[in-house]
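In: Coordinates only, no sequence provided:
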């Protein structure tokens, strides 16, 4: 028999929607990182009782003590959420009490540029035994088209064979009246659109794309997200929503790759690429400015092209243009290393034994996010070249180890900069006084154009 819902009054879609409207619905967020925790707070601000799930017991403990581990989220925000019923847990059996469960776990790529879906698989396998009819499950993690059907829905159906819980699928034509009964689990995909450090756009002003397996799932997800976002955009299928997210980020990846390649050509030609971009940006149509750097970071842009390339192989299709963009961006840390070597050589100094200070570890300015940061391979490559490397970053007093790095070191003070043979600007945090840094350093390699307007023979633009 079908497991009895904790909220039996939500046996129909209208009843489920009423629970959302009346703020009686309980919402679960799985994965309390840079995406999941801000999302949990948005729901809490709208007076929903939110349960946050994470396998990291330290995060759970921090949150339940009213503390934050993300720089841009104040402890007061966590404490305010607690007053509205927010709790964190590592116990996935708590999912049985929820009306909606949103999955925001990592989807990295492995050493062979293939999707690592272990976090998604482990999450849905932990949740599925506790699901019941009338619940909504939404995947938000960036992934390849087909994931929601092939992993989320398929796992719920497989484990549900023992619990008599299956995914809802509308077997009627689109013209027929939408059924109201919620005798299964609703499943949808809605891509996260977090932009850490962006203070220009309020989170609830970012339109939310939604694609459900079933019409009921699409409608339920739209109603749920409309309670915290000003605009929702419903698409026909989860795969369409999944591809939408990839297009957004591949668009950026390709354009960043283009300016990164042009930067290297401009350097050889003695042309200032930054001046070129500024001039081109005056065109009021047909151009959007993208800027070069030491490489791309964050969870999405370095990863998404390879997700689509991997999936395309199932269809015997080669995404050559997209793969080339990914390769260009991946090669930028090596360009930085060559620039540091050349800059030191011009000073009569070898990279081997040179003392190098890296400014900034975060993948972009004014955030505490290390995901796929180009600073990490730059740090390791400098060490392999024999340099004595230190770093400074106001957002990372100490860095331990992660999935792809093992630094285990502390931030160096910005004092006595002349003790270093070279200072490399990798992240242009607003807290840095670049005029003072240039004045006190022997040599500065600038990967971000942070020293623009500062005239000094010490500066080597990269």
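Out: Everything's here; your move. Everything numeric here is computed off the predicted structure, so don't read it as measured data. Numbering: from 1, shown residues only.
In: Show me the strands in the stretch 1-150 of the chain, by range?
Out: In the stretch 1-150 of the chain, the strands defined using DSSP state E, counting those that start in this stretch lie at 26-30, 49-53, 87-89, 100-103, 136-139.
In: The second one relative to strand 26-30, how many degrees between them?
Out: Direction vectors for strand 49-53 and strand 26-30, defined by axes from the mean of the first three to the mean of the last three Cα atoms, to 10 degrees, enclose an angle of 20 degrees.
In: Offset the numbering so it begins at 663, please.
Out: Sure thing, new numbering starts at 663, so read that last one as strand 711-715.
In: Strand 711-715: partners in the sheet, and parallel or antiparallel?
Out: strand 688-692 (parallel), strand 749-751 (parallel) (DSSP bridges).
In: how distant is that strand from the center of its chain?
Out: 20 Å (Cα atoms, centre = their mean, to the nearest Å).
In: give me the number of residues near residue 958?
Out: For residue 958, the neighbour count with other Cβ atoms under 10 Å is 26. All C-beta atoms are positioned from the backbone trio N, CA, C, and that covers glycine.
In: Out of the strands of the stretch 663-812 of the chain, indicate the one that is most buried.
Out: strand 798-801 (a mean of 27; mean count of other Cβ atoms under 10 Å).
In: if we can go back for a sec, identify whichever of the strands paired with strand 711-715 lies nearest to residue 782.
Out: strand 688-692 (9.8 Å; Cβ to Cβ).
In: So what's the gap between that closest one and the chain middle?
Out: 19 Å.
In: which residues touch it?
Out: With contact meaning Cβ atoms under 8 Å, 6 or more residues apart in numbering, strand 688-692 is reached by 698-699, 701-702, 705, 710-716, 756-757, 759-767, 785, 789, 886.
In: Export the strands of the stretch 663-812 of the chain to CSV and append columns for distance to residue 736 and mean pLDDT.
Out: Listed next are these as CSV, based on distance: least, Cβ to Cβ, whole Å; pLDDT from 0 to 100:
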stretch, distance to residue 736, mean pLDDT
strand 688-692, 18, 98
strand 711-715, 17, 98
strand 749-751, 17, 98
strand 762-765, 22, 98
strand 798-801, 27, 98
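In: Put together TSV for these, with distance to residue 944 on each row.
Out: Listed next are the strands of the stretch 663-812 of the chain as TSV, based on distance: least, Cβ to Cβ, whole Å:
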stretch	distance to residue 944
strand 688-692	43
strand 711-715	46
strand 749-751	49
strand 762-765	42
strand 798-801	42
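In: check contacts around the most centrally placed residue in the chain.
Out: Computing the C-alpha centroid of the chain and ranking residues by Cα atoms, centre = their mean puts residue 961 first, at 3.9 Å. Contact partners of residue 961, counting by Cβ under 8 Å, 6+ apart, are 696, 768, 769, 770, 804, 1033, 1034.
In: ok, so of those, who is nearest residue 1073?
Out: For the contacts of residue 961, the nearest to residue 1073 is residue 1033 (18.5 Å; Cβ to Cβ).
In: so which of the contacts of residue 961 comes closest to residue 724?
Out: residue 696 (14.6 Å).
In: rewinding a little: next, the residue nearest to the centre of the chain: phi, psi?
Out: phi -80, psi -30 (degrees, to the nearest 10).
In: One more: the one 4 residues further on?
Out: Per-residue torsions, residue 965: phi -100, psi -40 (degrees, to the nearest 10).
In: Assess the claim that it and residue 769 are in contact.
Out: Yes - if you go by Cβ atoms under 8 Å, residue 965 and residue 769 touch, sitting 7.2 Å apart.
In: Now for the two: what residues contact both?
Out: Common neighbours of residue 965 and residue 769 (Cβ under 8 Å, 6+ apart) are residue 804.
In: Which one of the two is surrounded by more residues?
Out: The neighbour count for residue 965 versus residue 769, taken as other Cβ under 10 Å, is higher for residue 965 (25 against 21).
In: Which residue is the nearest non-sequential neighbour of the more buried one?
Out: Using Cβ to Cβ, 6 or more residues apart in numbering and skipping residues adjacent in sequence, the residue nearest residue 965 is residue 771, 5.4 Å away.
In: tell me the contacts of the one you found?
Out: Counted by Cβ under 8 Å, 6+ apart, residue 771 has contacts 777, 778, 965, 968, 969.
In: and the helix or strand where the fourth one lies, what does it pack onto?
Out: Okay, so that is residue 968. Assigned by DSSP states H and E, residue 968 falls within helix 966-974. Secondary-structure packing of helix 966-974 (3 or more Cβ pairs under 8 Å, 6 or more residues apart in numbering; DSSP states H and E): helix 900-931, helix 982-992.
In: Mark out where each domain of the chain begins and ends.
Out: 670-898, 923-1123 (automatic domain parsing).
In: So which of those is nearest residue 909?
Out: Comparing the domains of the chain by Cβ to Cβ, domain 923-1123 comes nearest, at 8.9 Å.
In: now the end-to-end length of that closest one.
Out: One end of domain 923-1123 to the other measures 15 Å (Cα to Cα, to the nearest Å).
In: chain center to that domain: distance?
Out: Relative to its chain's centre, domain 923-1123 lies at 19 Å (Cα atoms, centre = their mean).
In: Please enumerate the strands of the stretch 1013-1124 of the chain.
Out: Counting by DSSP E, counting those that start in this stretch, the strands of the stretch 1013-1124 of the chain are 1017-1021, 1050-1054, 1060-1063, 1068-1072, 1084-1087, 1106-1108, 1121-1123.
In: could you redo those as JSON lines and give each row distance to residue 996 and mean pLDDT?
Out: Shown next, in JSON lines, are the strands of the stretch 1013-1124 of the chain (distance: least, Cβ to Cβ, whole Å; pLDDT from 0 to 100):
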{"stretch": "strand 1017-1021", "distance to residue 996": "15", "mean pLDDT": "98"}
{"stretch": "strand 1050-1054", "distance to residue 996": "16", "mean pLDDT": "97"}
{"stretch": "strand 1060-1063", "distance to residue 996": "22", "mean pLDDT": "86"}
{"stretch": "strand 1068-1072", "distance to residue 996": "19", "mean pLDDT": "87"}
{"stretch": "strand 1084-1087", "distance to residue 996": "14", "mean pLDDT": "98"}
{"stretch": "strand 1106-1108", "distance to residue 996": "14", "mean pLDDT": "98"}
{"stretch": "strand 1121-1123", "distance to residue 996": "16", "mean pLDDT": "95"}
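In: can you list those in a markdown table and add mean neighbour count and distance to residue 689?
Out: Formatted as a markdown table, the strands of the stretch 1013-1124 of the chain follow (neighbours: other Cβ atoms under 10 Å; distance: least, Cβ to Cβ, whole Å):
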| stretch | mean neighbour count | distance to residue 689 |
| --- | --- | --- |
| strand 1017-1021 | 23 | 40 |
| strand 1050-1054 | 20 | 39 |
| strand 1060-1063 | 12 | 32 |
| strand 1068-1072 | 13 | 36 |
| strand 1084-1087 | 26 | 42 |
| strand 1106-1108 | 26 | 45 |
| strand 1121-1123 | 19 | 49 |
